[in-house]
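Peer 1: no sequence for this one, just the structure:
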């Protein structure tokens, strides 16, 4: 029984030694590998999303402007 524990401990120490001597991957190689995983949108998708953002921005701007005028009118009526 004692020999099995010693053998396991020796194997664990050997694994640690080999793990220390393994070469770590280069930062730039890892960066290049991750960059290849990126999927960029096509022109149609970018154009559709851009139009949606511009339309929503105009809509929200107009909504804020209308609410501002309503509040100004309400406050001037009260005061």
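Peer 2: Nice, I can see it. Computed from a prediction, not measured in an experiment: that's the story for all the values here. Residues are numbered from 1 along each chain as shown.
Peer 1: give me the element residue 24 is part of.
Peer 2: Under the criterion DSSP states H and E, no helix or strand holds residue 24.
Peer 1: quick one: it and residue 35, what's the gap?
Peer 2: 19 Å (Cβ to Cβ, to the nearest Å). For the C-beta atoms, the positions are set from N, CA and C on the backbone; glycine is no exception.
Peer 1: Check residue 75 too.
Peer 2: 55 Å.
Peer 1: pLDDT of the helix ranked longest in the chain, averaged?
Peer 2: Of all the segments of type helix in the chain, defined by DSSP state H, the longest one is helix 43-78. Helix 43-78 shows an average pLDDT of 96 in the prediction.
Peer 1: burial count for residue 24?
Peer 2: Using other Cβ atoms under 10 Å, residue 24 has 6 other residues around it.
Peer 1: what's it sitting at in phi/psi?
Peer 2: phi -80, psi 140 (degrees, to the nearest 10).
Peer 1: What is the neighbour count of residue 74?
Peer 2: 10.
Peer 1: Distance of it relative to residue 30?
Peer 2: From residue 74 to residue 30 the distance is 59 Å (Cβ to Cβ).
Peer 1: Same question for residue 53.
Peer 2: 33 Å.
Peer 1: Residue 33 sits in which helix or strand?
Peer 2: Applying DSSP H and E, one finds residue 33 within helix 27-36.
Peer 1: if you average pLDDT over that helix, what comes out?
Peer 2: 92.
Peer 1: what helices or strands is it leaning on?
Peer 2: If you count contacts as 3 or more Cβ pairs under 8 Å, 6 or more residues apart in numbering; DSSP states H and E, helix 27-36 packs onto no helix or strand.
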